[in-house]
Every structure is written in structure tokens, then in C-alpha cells.
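J.: sequence first, then the predicted structure:
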Amino acid sequence: MSTIGKKSPVFPFFFLFLCGLSLTISVFAQQTDNLYVSSFHQVPEMTPQFPLKTAAMIYSDSLVALALENIRRFPTACSIKDDILKAANRMLTFTDDELEVLMADARVPRGFDLCAKGCPVHGDSVFKVGGFYPRIIDMQHPFQVRCPIDGQVFPSNDYAGYYQSGFKDKIDRNVEYTDDGWGWIAPDGERYWFVAYANHWLWYDYLLPGMLNLARAYLLTDDNRYAAKVAFMLYRLASVYPSMNHEDQSRYGLMSKSHGGCYPGKLVNHIWETNVIDWAAEAYDIVWKTVDADTSLQKRAGKTGEELRAFIEANLLEDGLDALDTEKIKGNYGTHQRAMITVQLVRQYAGIEEALHKILYEPSSVNLQNGVKYTLYNNIFRDGQPWESPGYNAGWLHSFMQIEEKLPADYKELYASFRFRKIF
Ligand SMILES: [Zn+2]
């Protein structure tokens with residue numbers, strides 16, 4: 001078992017993300033290369049199944065005013081705003097064309113790990129030097145990883161050029177570490193997923209948190225440059241999101257399949273995908289009202305403002321809700337519920353009352369999806385401990401607090417519950 005904590009954007013009243021998320025990591029032996037890459041399936045564009053949203057649902061004007069007041073009064077809040085702007089400004093240095101390449105479509109595989117053996121040159125020393133996820137990623141050099149020991153770059157071939165040619169360019173096989181996206185296979189049969197690893201962490205550590213920071217920067221400054229960049233990124237994400245299918249397009253998915261298992265997800269694995277859809281939904285809730293005036297994006301996409309909003313709401317938010325229903329998005333206890341609340345709130349007319357009832361009260365055939373109130377009495381012991389290890393149990397508390405923050409006012413009851421207070 002391994003607990004994975006990743007850095008996240010922060011803000012005093014913003015919901016906290018990603019602390020204590022965890023995955024069960026199994027080390028697969030790869031003595032023989034028996035992975036099967038199935039042919040790519042492009043999911044057709046979808047149209048909205050519900051009326052388009054009509055209001056911002058997460059940050060009210062009074063909440064934004066409170067944030068600005070806190071920034072004016074408290075140095076800590078001010079430094080958090082500075083961090084958000086710094087991250088957002090870094091994203092502004094990329095053109096839309098560059099971001100379109102970085103936000104690769106579903107044909108480029110993902111891998112949260114690169115290889116159990118470490119580096120082809122330095123072996124497992126990379127873990128001692130660089131930690132659990134040791135390779136260095138750079139937005140200026142997509143689809144490449146750099147070794148933390150000597151700085152060597154992998155793969156040796158130009159994958160970005162190959163991708164941008166629509167996979168038509170010939171792959172340079174005359175270099176040592178060639179990766180066509182599905183990994184370089186070493187003489188001993190071990191597969192090293194350079195491109196997939198770079199792609200995964202580019203999305204998960206840079207692009208998606210970057211998009212959220214841009215949205216929050218717009219919330220705090222009203223600067224349309226931020227909103228326009230977010231709107232473009234949301235449009236791009238909605239263009240590639242429906243075809244994202246982790247079980248067929250990732251290192252872990254293929255390895256699980258080769259052992260008769262299944263490891264679902266969308267852009268990333270089903271556990272971390274709770275963050276992907278949460279961040280994306282929040283970003284859309286902040287900028288959706290700017291889309292109708294964004295003539296630049298409308299021209300680029302060949303869609304009116306309303307058509308753009310419909311496109312994002314159907315192909316990102318509704319597709320996310322479908323993935324939550326079909327367990328392609330399913331996180332550790334509480335993260336699933338938190339993501340579902342965010343997406344339902346933001347999509348606004350997709351059946352939020354019914355969803356909230358399910359999230360709060362209904363038991364499920366899957367323990368991790370039991371309703372929150374049900375869980376307080378059925379999955380938590382009398383001393384306040386859930387049934388996982390101490391580290392994972394702390395994650396429950398964290399998620400409960402995020403859920404309470406996100407719930408509409410009429411549903412906020414958790415802090416009044418003695419069963420909930422016992423968890424602290
Ligand atoms: Zn190395």
C-alpha cells in the first residue's frame with residue numbers, strides 16, 4: 001500500500017484537494033511483453049440532455065467579496081492569491097495553439113508510473129533521488145521525461161512531432177530509447193512508459209491545476225485574459241474528454257487487463273479522476289458566463305457562445321456525470337461524493353435534488369459509494385474511526401469537510417451531527 005499526496009492549488013475558502021489520496025500499487029512483473037493495445041475508439045460528439053446552466057453555483061458574489069476582504073486584511077490570504085496569480089500567469093505564456101498540443105487527445109496513453117525498475121540507465125536509484133514519482137516534467141518539452149540523476153531525456157525520438165503529424169510521421173528507430181506512446185521495451189522485456197508518464201503528469205500536475213488557477217485568478221481579478229484562457233482549455237478538454245478511457249489507454253489499465261483485471265478511469269485512473277472532473281467543473285462554473293462574449297474562441301471553434309456552452313456542458317460535465325454513474329470515476333470514500341456534488345451543482349439542471357439524496361442518504365452495493373449519512377452510522381466505529389488505516393481514515397475526515405463545504409445551505413447538517421464530530 002502506498003499513500004500518495006500531491007500538491008494542489010490553495011485558497012482560504014476554496015475546497016482543499018488531493019491530500020491523502022491513495023492508490024493501491026501493485027508491482028507487476030513484466031518478464032514477457034503480453035500487453036494488448038486495442039484499437040482507438042472515438043466517441044461521437046454529444047448534445048446536452050438538460051437545459052443549459054443559468055447561474056454560477058459555487059462562488060456567490062458575497063463569497064468573492066469575502067475573499068477579497070481577506071486578501072486585503074491578511075498576509076496569508078494575500079500570499080495565496082499571489083500564488084494563484086503566479087500559476088495563472090505562467091499558463092498565460094502558452095498560446096492556445098501550444099495548449100492544444102499539450103492537451104493531447106485520447107490516443108496518447110497515460111501512465112502514473114513509468115516502470116517498476118526505475119530508469120533504464122540508473123535503475124531504482126531514481127526513486128532514492130527523486131522519490132515516488134521521480135522524473136522531471138517540463139511544459140516546454142511535452143511527452144518527454146528527464147532523469148533526476150543526470151538529466152538525460154527520454155524518449156530519444158521526437159514524439160511531439162509524431163503526435164502532431166497525426167501519427168503519420170515515421171518513428172525514428174535509429175535512436176536508443178524509442179517510444180511510440182506505448183513504451184520502450186528494453187532487451188530484458190521490461191517496458192518503460194516515457195511518453196505516457198510525461199503525458200499523465202503534464203495533465204495532472206500542470207494543465208488541469210493550471211486551468212483551475214486561471215479560473216480562480218479571473219474570479220479574484222475580473223481580468224478577461226484569464227477567463228479566455230480557461231474557456232479555451234475547457235473547450236479543448238471537452239473535445240477530447242469523451243474518448244478518454246483509462247483501461248485501454250494507460251500503462252496500468254493495459255497491465256491490469258493482461259492479468260485479467262480492469263482498471264477504469266477517464267483521462268487518469270478512476271480515483272484521481274475525481275479531482276479532474278471536480279477541477280474542470282469548478283473552472284467552468286467561474287467562467288461560463290464569459291463565453292458568450294468570447295468572440296475569439298467562438299471564431300476558432302466555429303460555434304456561437306451558446307453552442308460552446310452546450311458543447312462543454314454535454315461533452316465534459318454530462319460525460320463526467322455518466323462516468324461517475326458507471327464507475328469510471330470512483331475515488332476513495334468521500335472523494336466520489338465530493339466530485340459528484342460539484343459536477344451536479346455546476347451542471348445545475350441534471351437532477352441535483354435526486355443526486356444529493358443519493359449522496360447523503362442512500363446505501364450502495366459499493367461501500368465507497370454509500371451515502372454520507374448512512375456511512376456515519378454504518379462504516380464508522382463508535383470511537384469515530386472509519387474502517388481503513390489511520391492515513392486513509394484521515395482522508396475520510398478531509399473529504400467529509402469538503403462535502404459539507406460544497407453542499408447547498410439547506411443540506412448542511414454534518415457539523416451538527418455528533419457522529420461526524422467524533423471523527424475529528
Ligand atoms: Zn536515469
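T.: Nice, I can see it.
J.: which bits of the stretch 251-400 of the chain sit near the ion?
T.: Contacts of the stretch 251-400 of the chain with the ion, taken as C-beta under 5 Å from the ion, are absent. (Each C-beta comes from the backbone N, C-alpha and C, glycine too.)
J.: any weak-confidence spans in the stretch 251-400 of the chain?
T.: By pLDDT under 70, the stretch 251-400 of the chain contains no weakly predicted segment.
J.: tell me who's in contact with P51.
T.: For P51, the contact set (C-beta atoms under 8 Å, 6 or more residues apart in numbering) comprises Y349.
J.: ok, C78 touching I71?
T.: Yes. The pair C78 / I71 is scored as a contact, 5.1 Å apart, by C-beta atoms under 8 Å.
J.: those two - which one has more neighbours?
T.: A count of neighbours by other C-beta atoms under 10 Å puts I71 above the other of C78 and I71, at 19 against 13.
J.: and that one, how far from L219?
T.: Counting by C-beta to C-beta, to the nearest Å, the gap from I71 to L219 is 12 Å.
J.: likewise for A186?
T.: From A186 across to L219, the span is 47 Å (C-beta to C-beta).
J.: let's verify E327: helix, strand, or coil?
T.: Here E327 is recorded as coil under DSSP: H, G, I helix; E, B strand; the rest coil.
J.: how many other residues sit next to it?
T.: Using other C-beta under 10 Å, E327 has 14 neighbouring residues.
J.: and the stretch 51-200 of the chain, which residues reach the ion?
T.: Contact residues, the stretch 51-200 of the chain versus the ion (C-beta under 5 Å from the ion): C119, V121, H122, C147, I149.
J.: hmm, 6 Å instead?
T.: By the rule C-beta under 6 Å from the ion, the part of the stretch 51-200 of the chain lying against the ion is C119, V121, H122, V126, C147, I149, D150, Q152.
J.: out of those residues, which are buried?
T.: Among these, those scoring as buried are C119, H122, V126, C147, I149 (criterion: 16 or more other C-beta atoms under 10 Å).
J.: for those residues, which one is nearest R236?
T.: Nearest to R236 among those is C147, at 30.0 Å by C-beta to C-beta.
J.: show me the contacts for the nearest residue to that closest one once chain neighbours are set aside.
T.: Leaving out its chain neighbours, the residue that sits closest to C147 by C-beta to C-beta, 6 or more residues apart in numbering is C119, at 5.4 Å. Each residue near C119 by C-beta under 8 Å, 6+ apart is listed here: S125, V126, C147, I149.
J.: do the same with V240
T.: Contacts for V240 (C-beta under 8 Å, 6+ apart) come out as M103, A104, D105, A106.
J.: need the CA coordinates for stretch 359-376. PDB is fine.
T.: Extracted in PDB, the C-alpha atoms of stretch 359-376 (Å, rounded to 0.1, in the frame of the first residue of the first chain):
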ATOM      1  CA  ILE A 359     -25.000  11.200  -2.000                       C
ATOM      2  CA  LEU A 360     -26.300  11.900   1.500                       C
ATOM      3  CA  TYR A 361     -28.700   9.100   2.500                       C
ATOM      4  CA  GLU A 362     -28.800   6.100   0.200                       C
ATOM      5  CA  PRO A 363     -26.800   2.900   0.800                       C
ATOM      6  CA  SER A 364     -25.000   1.400  -2.200                       C
ATOM      7  CA  SER A 365     -23.800  -2.000  -3.300                       C
ATOM      8  CA  VAL A 366     -20.400  -0.400  -3.300                       C
ATOM      9  CA  ASN A 367     -19.200   0.600   0.200                       C
ATOM     10  CA  LEU A 368     -17.300   3.600  -1.100                       C
ATOM     11  CA  GLN A 369     -20.400   5.000  -2.600                       C
ATOM     12  CA  ASN A 370     -22.700   4.700   0.400                       C
ATOM     13  CA  GLY A 371     -24.500   7.900   1.300                       C
ATOM     14  CA  VAL A 372     -22.700  10.200   3.700                       C
ATOM     15  CA  LYS A 373     -25.300  10.000   6.500                       C
ATOM     16  CA  TYR A 374     -25.600   6.200   6.000                       C
ATOM     17  CA  THR A 375     -21.800   5.900   6.300                       C
ATOM     18  CA  LEU A 376     -21.600   7.900   9.500                       C
END
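J.: give me the contacts around it.
T.: In this structure, residues lying in contact with stretch 359-376 by C-beta under 8 Å, 6+ apart are 327, 330-334, 336-337, 340-341, 358, 378-379, 400, 403, 411, 414, 417, 419-420.
J.: stretch 411-424 now?
T.: Where contact means C-beta under 8 Å, 6+ apart, the residues beyond stretch 411-424 that reach it are 356, 360, 372-373, 376-377, 380, 382-386, 396-397, 400, 403-404, 407.
J.: try 10 Å
T.: If you take C-beta atoms under 10 Å, 6 or more residues apart in numbering as the criterion, stretch 411-424 is touched by 341, 353, 356-357, 359-360, 372-373, 375-377, 380-386, 393-394, 396-397, 400-401, 403-407.
J.: then stretch 77-88?
T.: With contact meaning C-beta under 10 Å, 6+ apart, stretch 77-88 is reached by 9-14, 67-72, 74, 206, 209-221, 223, 225-226, 229-230.
J.: what about it, average pLDDT?
T.: For stretch 77-88, the mean pLDDT works out to 98.
J.: please point out which parts of that stretch sit buried.
T.: Neighbour-count burial for stretch 77-88, counted by 16+ other C-beta under 10 Å, picks out A77, I80, K81, I84, L85, A87, A88.
J.: returning to that earlier point: of the contacts of stretch 411-424, which qualify as buried by neighbour count?
T.: Taking 16+ other C-beta under 10 Å as the criterion, what is buried in the contacts of stretch 411-424 is 341, 356, 359-360, 372-373, 375-376, 380, 384, 386, 393-394, 396-397, 400-401, 403-407.
J.: OK, contacts around S250?
T.: Contacts for S250 (C-beta under 10 Å, 6+ apart) come out as 109-112, 193, 196, 199-200, 244, 256, 263-265, 267-269.
J.: got the contact list for the closest residue to it other than its chain neighbours?
T.: Nearest non-adjacent residue to S250, counting by C-beta to C-beta, 6+ apart: R110, 4.6 Å away. Listed by C-beta under 10 Å, 6+ apart, the contact partners of R110 are 104, 181, 193, 195-204, 244, 246, 249-253, 265-269.
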